[in-house]
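Peer 1: Task: produce atomic coordinates for the following.
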Amino acid sequence: MTNWIPEIPAGAGPLYMRLAEKIARDILSGALAAKTKLPPQRDLAYDLGVTVGTVGRAYALVRKRGLVSGEVGRGTYVLGSAEQDNSAAPEHTGKMRAQPADSRFSGFDREADKWLNIEHPAPLPDYGFGSTRVASPPEGIFRLDSTSAPDVGQGQILEELLPRIAAEMPNEIASYTRTVPDRWCEAGQRWLSRGGWTPEAASIVPTFGAQAAIMSAISAVTAPGDRLVFEELTYSSVARGARFSGRQSVQVTSDKEGPLPDSLDSVCKQTHPKAIFLMPTMHNPTLATISEARRLDLLEVIRRHNLWIIEDEVYGALRPNTLTPFAKLAPERTFHVGSLSKAVAAGLRGGWISCPPQQTQRLFTAHKMLTGGSSFLLSEASSRLVNSGQADRLRQAILLEIRNRYEIASDILRGSDMVIAPDSPFIWLKLPEPWQPGTFKAAAAEAGVLIDDEDEFRTGRASELHYRVRIATTNPKTCGELADGMQRLSRILADNGACYDSVA
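Peer 2: Alright, predicted model coming up:
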């Protein structure tokens, strides 16, 4: 067995596809000779700093292309190819690190692409970074791991709007954005308003999407080493971002109504956090909404321990309700975040945050330091869509499309244990025995369907297993594509694991 450690090529495409591509290149170049045993999946995953599932999917892909064979208990072996002189290729015995791919291997790149059916003239999106659709997935792959707004004709509207802004404001577009026009704050007021609350114009900071808004708030009111409270399952990119910037995360236990006040009180007494991150409406991934009574109970604990509140209402834009936002209940300590990503268009990066007025300048500065400042063109386009009412019209069209997709998913997954709603762009599915979330995710990926398992949403090690996966419905271009992807998942569920195997 070789101690070969590949250098995964940078660039477009899922991580497992790029690893599979590198394996194919090394087989075809002779770096991996016929009959060479590849490293065990867990060992290679450790060496590369990736998940075992990533390595397993890469091995499965090259196995499908006939480059390797795998048997349970024996491992994975190189078969070689007709283009490779196997007799001349040496067996590697010493530990080495394969060289990164460069132009000298262009012939092997093309040959590997032929084996793997990867087409480079039209680059694929890098699925490893976030969940926003930036391009169509390759044919036969269904992205049910993204909740960005579905296509309801936004492109046609922007095709007219963006050139008009460029014609009317060429100087502003050519320069840096140093000030915030009142109309951008007015758009934020309009978009964030909910539950009988309208933010003050002086409290609004336009942002480069919700993620930038949240990280700016964290930077503004905490310091490296400070602790932030997260639910055990949540939008974990925020928790990762907090750790990346030197903050620490602590977990609070939740139920169907949101975080438990007693658990929060205990966490605060033990760890003394500075802030709490909440998703009060249509929590991702559980779909929970914090009730009015629970909000008041939580606020009592929050005030007692003097926490800042970061209130993420991005999904709330899809579910206007009468529940009072924390920004109205506790305006002196709440950073209320919203964006256009789920209800209009994620690619616009239109976002706003309402904060305590004394924090506005600090928040503006934090956002500028983290992002380099707002894009005038995108911010202007976002504000015009909102102020003209066009964003609301798009939201209604998107909600209708989400409902149509809800009906498709409900029909295909009928009888499954799941949390689903007609205004939600995702489903929280309970897996039947004997499925584990990670194994089901891998089986789905092998069937060409990308989903997220519960580990994707964890902010730390689990104290409870839910045996669930999140299935998003809005990324496929058409309802027909969604139905195809859902049918594949339905067949996997019906198999109960009998037709899935991995090489480990």
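Peer 1: List the residues that contact Asp453.
Peer 2: Asp453 sits next to 437-438, 440-441, 468-470 when contact means CB atoms under 8 Å, 6 or more residues apart in numbering. Yep, even glycine has a C-beta here, placed from its N, CA and C like the rest.
Peer 1: what is the rounded mean pLDDT of stretch 280-289?
Peer 2: In this model, stretch 280-289 has an average pLDDT of 97.
Peer 1: Now tell me what touches it from outside.
Peer 2: 147, 231, 233-235, 254, 256-258, 290, 295, 311, 313, 315-316, 318-319, 321, 323, 325-326, 419-421, 423-424, 426, 428, 452, 454, 457, 468, 470.
Peer 1: Drop anything exposed from those residues.
Peer 2: 147, 231, 233-235, 254, 258, 290, 295, 311, 313, 315-316, 318-319, 323, 325-326, 419-421, 424, 426, 428, 452, 454, 457, 468, 470 (16 or more other CB atoms under 10 Å).
Peer 1: Filter these down to the ones in helices?
Peer 2: Of those, the ones assigned to helices by DSSP state H are 295, 326.
Peer 1: Which parts of the stretch 251-400 of the chain are strands?
Peer 2: 254-255, 258-259, 275-278, 308-312, 334-339, 350-354 (DSSP state E, counting those that start in this stretch).
Peer 1: Looking at the contacts of Asp453, which is nearest Asn3?
Peer 2: Nearest to Asn3 out of those is Gly438 (CB to CB; 26.6 Å).
Peer 1: what helix or strand does the closest one sit in?
Peer 2: Element membership of Gly438 [criterion: DSSP states H and E] is helix 437-446.
Peer 1: After that helix, which helix or strand is next?
Peer 2: Taking DSSP H and E as the definition, the helix or strand right after helix 437-446 is strand 449-450.
Peer 1: what residues does that following strand touch?
Peer 2: Outside strand 449-450, the residues touching it (CB under 8 Å, 6+ apart) are 14, 127, 137, 141-145, 444, 485, 488-489.
Peer 1: In a markdown table: these, plus pLDDT.
Peer 2: Formatted as a markdown table, the contacts of strand 449-450 follow (pLDDT from 0 to 100):
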| residue | pLDDT |
| --- | --- |
| Pro14 | 79 |
| Tyr127 | 43 |
| Pro137 | 69 |
| Ile141 | 87 |
| Phe142 | 92 |
| Arg143 | 93 |
| Leu144 | 96 |
| Asp145 | 94 |
| Ala444 | 93 |
| Gly485 | 95 |
| Arg488 | 95 |
| Leu489 | 96 |
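Peer 1: Those, buried ones only, as a PyMOL selection?
Peer 2: Selection of the buried residues among the contacts of strand 449-450 in PyMOL, burial being defined by 16+ other CB under 10 Å:
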select buried, resi 14+127+137+141+142+143+144+145+444+485+488+489
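Peer 1: Narrow the contacts of strand 449-450 to those in helices?
Peer 2: Among those, the members falling in helices (DSSP H) are 444, 485, 488-489.
Peer 1: Format the residues you listed as TSV; extra columns: distance to Ser388.
Peer 2: Shown next, in TSV, are the ones in helices among the contacts of strand 449-450 (distance: CB to CB, whole Å):
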residue	distance to Ser388
Ala444	41
Gly485	35
Arg488	41
Leu489	39
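Peer 1: Out of these, flag the one nearest to Ala201.
Peer 2: Gly485 (43.5 Å).
Peer 1: Next, count neighbours for Ala293.
Peer 2: Under the neighbour criterion other CB atoms under 10 Å, Ala293 is assigned a count of 9.
Peer 1: Any figure for the gap between it and Leu323?
Peer 2: In this view, Ala293 and Leu323 are 10 Å apart by CB to CB, to the nearest Å.
Peer 1: pretty sure Met279 contacts Arg319?
Peer 2: No - the criterion here is CB atoms under 8 Å, and Met279 misses it with Arg319 at 11.7 Å.
Peer 1: quick check: longest helix of the protein.
Peer 2: Longest helix in the chain, counting by DSSP H: helix 390-412.
Peer 1: Output that helix as PDB, restricted to C-alpha atoms.
Peer 2: Only the C-alpha atoms of helix 390-412 are listed here, as PDB (Å, rounded to 0.1, in the frame of the first residue of the first chain):
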ATOM      1  CA  GLN A 390     -41.100  45.300  -6.800                       C
ATOM      2  CA  ALA A 391     -39.400  43.300  -4.000                       C
ATOM      3  CA  ASP A 392     -42.800  42.600  -2.400                       C
ATOM      4  CA  ARG A 393     -44.200  41.500  -5.700                       C
ATOM      5  CA  LEU A 394     -41.300  39.100  -6.200                       C
ATOM      6  CA  ARG A 395     -41.700  37.800  -2.700                       C
ATOM      7  CA  GLN A 396     -45.300  36.900  -3.400                       C
ATOM      8  CA  ALA A 397     -44.300  35.100  -6.600                       C
ATOM      9  CA  ILE A 398     -41.600  33.300  -4.800                       C
ATOM     10  CA  LEU A 399     -44.000  32.200  -2.000                       C
ATOM     11  CA  LEU A 400     -46.300  30.800  -4.700                       C
ATOM     12  CA  GLU A 401     -43.400  28.900  -6.200                       C
ATOM     13  CA  ILE A 402     -42.400  27.600  -2.800                       C
ATOM     14  CA  ARG A 403     -46.000  26.400  -2.200                       C
ATOM     15  CA  ASN A 404     -46.000  24.500  -5.500                       C
ATOM     16  CA  ARG A 405     -42.700  22.800  -4.500                       C
ATOM     17  CA  TYR A 406     -44.100  22.100  -1.000                       C
ATOM     18  CA  GLU A 407     -47.000  20.200  -2.700                       C
ATOM     19  CA  ILE A 408     -44.500  18.200  -4.800                       C
ATOM     20  CA  ALA A 409     -42.300  17.300  -1.900                       C
ATOM     21  CA  SER A 410     -45.300  16.500   0.400                       C
ATOM     22  CA  ASP A 411     -46.700  14.100  -2.200                       C
ATOM     23  CA  ILE A 412     -43.500  12.300  -3.000                       C
END
